[in-house]
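1. Build me a model from this:
(2 chains)
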Protein chains: 2
Amino acid sequence: MSNKKASPTHPRKASDVSQWDRETDIAIVGFGGAGGCAAIEAADAGAEVSLFELASEGGGSTAMSSAEIYMGGSGGTRVQQACGFEDATEDMFTYMMMCAGAQADEAKIRTYCDNSLQHFDWLANTLGVPFKDSFHEERAIMCLTDDGLLYTGSEKAYPFSQHAKPAPRGHNLYVEGDNGGPLFMKIVTENVNKRESITVEYETRVLSLIIDDDDEIVGLVIRQNQQEFNVRARKGVILCAGGFVMNEDMLARYAPKLLRGNNAIGNPGDTGTGIMMGMSVGGAAINMHEGFISIPYYPPASITSGIVINDKGHRFINEDVYHARLGQAVLDQPGDRFYFVLTVEQYGDYEKMNFMGADIAGTGETVEELEAELRLRTGTLQNTLAIYNEDCAAGEDTQFHKAPQWLQVMEPPLVALDITPGRGVFVPMFTLGGLDTLPTGEVLTAEREVIPGLYAAGRTACGVVRRADGYSSGMSVGDATFFGRLAGKQAAARS
Amino acid sequence: MSNKKASPTHPRKASDVSQWDRETDIAIVGFGGAGGCAAIEAADAGAEVSLFELASEGGGSTAMSSAEIYMGGSGGTRVQQACGFEDATEDMFTYMMMCAGAQADEAKIRTYCDNSLQHFDWLANTLGVPFKDSFHEERAIMCLTDDGLLYTGSEKAYPFSQHAKPAPRGHNLYVEGDNGGPLFMKIVTENVNKRESITVEYETRVLSLIIDDDDEIVGLVIRQNQQEFNVRARKGVILCAGGFVMNEDMLARYAPKLLRGNNAIGNPGDTGTGIMMGMSVGGAAINMHEGFISIPYYPPASITSGIVINDKGHRFINEDVYHARLGQAVLDQPGDRFYFVLTVEQYGDYEKMNFMGADIAGTGETVEELEAELRLRTGTLQNTLAIYNEDCAAGEDTQFHKAPQWLQVMEPPLVALDITPGRGVFVPMFTLGGLDTLPTGEVLTAEREVIPGLYAAGRTACGVVRRADGYSSGMSVGDATFFGRLAGKQAAARS
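-> Down below sits the predicted model:
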């Protein structure tokens, strides 16, 4: 015990610890997908593990998600192959590199793609996660059937499709409805519980790291029942404490773009304390301004045949991309009004499942009438639709390269939905910045030196997925579980 | 001395210091505009100051700049008033808040605007910086005459002009040509040198901070002539070591957008070591993804009457904004080709002073011809110009609100300049992220607690200017000198 304050931004010094209250090999902060998988791998490598969770049960944001898992390459997972999809590692790698853009961490993406098939096998065989060998054809944000495989990103859309052969890589658990997350974490929890070398302590707040005179991370300060304890971690600490979407101060300072969302996706513990603990010992937090932010406009898939315009009456994106890519494009546009323009037929389907909650902004028996109703300058939407319809008739979207299957000449009457963020439409968001780590989970300083004894995974780290406009569903749970495992292994191997 | 490694990411522990080689009240890292002004104010408040500079002379990036200084409010500076401009503090405040957008630090902007007039007086009277009471009318990126005042931002452009009464706030030193920076730093250096309580040590590399057991910053490790020395700073350390535009690794990790520029603006010491030193003791670096990045398309001012289009033939910004706002807008647009379309008359002026180095991408005796030559889809640029010309004839830019003075009906023949970043055009850039500080310069953790004894100013801190699209020339030297002074005062007052 020590009287000195311990907090996420104030590590305790080992020299101030008069007594170690507990000892373990590896202390893990946070029992979500990353922490659970890290614990299992570390235990299977022979380490003693203590897993600390703030909530009264495990699960984290993974349990609240659909738990699609982005996997493929090496010819294809069992499910991909059964559904008739070959998937080359290089296609997956190229796609994921394009997704991450200028922010790409090539070493991480390479490791992820090269070992994705093995990750599938580990999930399916070691953990027992069930995936049905069936393909979900329809364009969906989440799979509400028990099908095992679906397209969850922009793989088939321009420009990705020009550079990487598309394959569906979103693996969905064998369960009806949007229940993948709870089932996944149930299975992870069972796997954790049956390993005797893992101890899980719930309702435990981790207050700070403990650092020794050589700047090694040697433990944690925890609080249970209003009492503080010093926990020694002989091999190190793995931070798997989520992102910071629930910390409005941090959002304002680091990722103000996300404040344009209206629905924080995450668990109440996503307050950035894991990231702060890393920063408190010189860890570099990177990509902090980025996050997933989206206008989830499908299903129905048929809306994809409509067009999105800005307040100048112009299109600015191919509407067949992943929904967060469209959401990001909206945020990047000048102007302050955005519409999805649909024919009455296209709207018919939408009305049945208005998932995104957009209101009707205008209708028109003619294009001119809609233009006027939306207060667009005369001649703008008319020009946009004239060009678009010519292109549809010719079977090629010359302007934004929407795939031919979605090209339908749009004849009035027309309906415009208001998809302006801040005007009622559903805009979910979460953070994509975190501690800079090696693929092994080792946390790095601003000069990319390893901080001995400190690891991070899941949204506490900055993983393979770095941008809203390059997001695909399944990349977060994929990243958290994959790199959670690597961190667990790496820490267990530390002497 | 200590054998333990000291580096920007590895602070030395005071307990590892066996001997203090030097002592001072305040140690300042970096002798540019921020460091110089911090030293002067600290000395004038009675403190003993040691100023350490890596180069063989002072100056930093300030000496390489035009040293325009953004000042106003409180009715107007002497120069503003002499030139007939009243400037209300609230107009300046509103403008600067809009410039910083979602990233605004209101406390800093408030302090800056409330005390800007006093800052002018201090520069003019205490330091002796000369400003001529004359107004430079022409739209310019830098003032090549000796005039004292010019518009240096987007004050007169939409949307700023709708919310804040425009006033010119760029104060230019009384010197011909682009020579404000050298003159400014000459004056600062003279002021530093005549204060006996300031010692300047050149060719001195600061290796790391020194931190004591209570997490206070108590000194610096420096290297001179290949020898290390421990410097005790009784009142604290002020980091004024610039930004990180010269550190390509950091740019890639923190501000990849700036890699789209081709001309790093700064001095060779802008390698981020000041920011890293702050991070090494738990300081929070914020806004790290942002930077100034620009396509400096004027002078001549007449180019402002042309239009900028993307590869869809669409305009996307009012062309009368500050050049970095246009540069950022280009980066935010989808598509990969951008053109400035001009009439032959508008081009005539441009040819005489092709400052930005853009090549001609196409010409046309008719709009159709130019459209074809630029490989734009038929009907796109024609529609854009039809609408634009109608608006010009009516005297109102209905689409992007360019001010009426710039609206000229554009008749062929037309010329298109290629302003696509990466294709020859000049794209200067520098960083705008840095340590989170209070207006007093005190460095903050991720939870915004003060790190005792640590201060930062200039581009090592994250100042009032936070975004390329809200930049105005003079805001960086304004920020560096203003908050350098406050940091110097605050440190001197520390007991």
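2. only C-alpha atoms for contact and neighbour calcs from this point on.
-> Noted.
3. Show me which residues of chain A sit near chain B.
-> A:9, A:102-103, A:250, A:252-254, A:256-257, A:276, A:279-284, A:286-287, A:289, A:312, A:316-317, A:332-334, A:377, A:379-380, A:383, A:387, A:398-399, A:445-447 (CA under 8 Å from any CA of the partner chain).
4. contacting residues for A:Ala100?
-> A:Val464, A:Val465, A:Arg466, A:Arg467, A:Gly470 (CA atoms under 8 Å, 6 or more residues apart in numbering or on different chains).
5. The third one and A:Ala102 touch, don't they?
-> No - because the distance of 9.4 Å does not satisfy CA atoms under 8 Å, A:Arg466 is recorded as not touching A:Ala102.
6. neighbour count winner among these two?
-> Higher neighbour count among A:Arg466 and A:Ala102: A:Arg466, with 30 against 17, using other CA atoms under 10 Å in any protein chain shown.
7. and the more buried one, which of the three is it?
-> coil (DSSP: H, G, I helix; E, B strand; the rest coil).
8. element containing the residue lying closest to A:Ala82 once chain neighbours are set aside?
-> Leaving aside its chain neighbours, A:Ala82 sits nearest to A:Asp133 (5.8 Å; criterion: CA to CA, 6 or more residues apart in numbering or on different chains). A:Asp133 belongs to no helix or strand when elements are defined using DSSP states H and E.
9. and if you look at the one 5 residues further on?
-> Under DSSP H and E, no helix or strand contains A:Glu138.
10. Was I right to think it contacts A:Tyr298?
-> No - assessed by CA under 8 Å, A:Glu138 is found out of contact with A:Tyr298, at 10.3 Å.
11. Tell me which of those two has more neighbours.
-> A:Tyr298 (21 against 12).
12. State the helix or strand in which the more buried one lies.
-> Judged by DSSP H and E, A:Tyr298 forms part of no helix or strand.
13. what sits against it?
-> Contacts of A:Tyr298 (CA under 8 Å, 6+ apart): A:Arg139, A:Ala140, A:Ile141, A:Thr304, A:His323, A:Phe355, A:Met356.
14. now, which of those sits nearest B:Gly72?
-> Nearest to B:Gly72 out of the contacts of A:Tyr298 is A:His323 (CA to CA; 45.0 Å).
15. In contact with that closest one: list those residues for me.
-> So A:His323 contacts A:Ser294, A:Ile295, A:Pro296, A:Tyr297, A:Tyr298 (CA under 8 Å, 6+ apart).
16. mind redoing it with 6 Å?
-> Contact analysis of A:His323 by CA atoms under 6 Å, 6 or more residues apart in numbering or on different chains lists A:Ser294, A:Ile295, A:Pro296.
17. Pull out the buried residues from stretch A:203-211.
-> Neighbour counts over stretch A:203-211 (16 or more other CA atoms under 10 Å in any protein chain shown) mark A:Thr204, A:Arg205, A:Val206, A:Leu207, A:Ser208, A:Leu209, A:Ile210, A:Ile211 as buried.
18. Can you add pLDDT and distance to A:Met185 and give the contacts of A:Ala100 back as a markdown table?
-> Formatted as a markdown table, the contacts of A:Ala100 follow (pLDDT from 0 to 100; distance: CA to CA, whole Å):
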| residue | pLDDT | distance to A:Met185 |
| --- | --- | --- |
| A:Val464 | 98 | 21 |
| A:Val465 | 96 | 21 |
| A:Arg466 | 97 | 24 |
| A:Arg467 | 97 | 26 |
| A:Gly470 | 97 | 26 |
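19. follow-up on the earlier one: surely the residue nearest to A:Ala82 touches A:Gln80?
-> No - using CA atoms under 6 Å, A:Asp133 is not in contact with A:Gln80, being 7.7 Å away.
20. And those two? Which one has more around it.
-> A side-by-side neighbour count of A:Asp133 and A:Gln80, using other CA under 10 Å, places A:Gln80 first with 26 against 18.
21. SS state for that one?
-> helix.
22. Just the buried ones from the contacts of A:Tyr298, in PyMOL syntax?
-> This is the PyMOL syntax for the buried subset of those, where burial follows 16+ other CA under 10 Å:
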select buried, chain A and resi 139+140+141+304+323+355+356
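23. Surely A:Leu259 is within a helix?
-> Yes - per three-state DSSP, A:Leu259 lies within a helix segment.
24. And it, what's its pLDDT?
-> Looking at A:Leu259, its pLDDT reads 95.
25. Equivalent analysis for A:Asn3, please.
-> For A:Asn3, pLDDT reads 54.
26. Next: A:Gly348.
-> 84.
27. quick one on the thing from earlier: closest to chain B among the contacts of A:Ala100?
-> A:Arg466 (11.3 Å; CA to the nearest CA).
28. Extract the C-alpha set from stretch A:164-180 and format it as CSV.
-> Coordinates of the C-alpha atoms in stretch A:164-180 are reproduced here as CSV (Å, rounded to 0.1, in the frame of the first residue of the first chain):
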residue,chain,number,x,y,z
ALA,A,164,-8.6,-6.5,-54.9
LYS,A,165,-10.8,-9.4,-55.9
PRO,A,166,-13.9,-9.2,-53.7
ALA,A,167,-14.7,-11.9,-51.2
PRO,A,168,-17.1,-11.9,-48.3
ARG,A,169,-15.2,-12.0,-45.1
GLY,A,170,-17.7,-11.2,-42.4
HIS,A,171,-18.2,-14.4,-40.4
ASN,A,172,-21.4,-14.4,-38.4
LEU,A,173,-22.1,-16.8,-35.5
TYR,A,174,-24.6,-19.6,-36.0
VAL,A,175,-27.5,-18.0,-34.1
GLU,A,176,-30.7,-16.3,-35.2
GLY,A,177,-31.1,-12.6,-34.9
ASP,A,178,-28.6,-10.0,-33.8
ASN,A,179,-27.3,-12.3,-31.1
GLY,A,180,-23.7,-13.0,-32.1
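29. Quick one: distance of that stretch to the chain centre.
-> Taking CA atoms, centre = their mean, to the nearest Å, the mean C-alpha location of stretch A:164-180 is offset from the chain mean by 14 Å.
30. ok, now stretch A:20-31?
-> 27 Å.
31. Show me what the mean pLDDT comes to for that stretch.
-> Mean predicted lDDT for stretch A:20-31 stands at 98.
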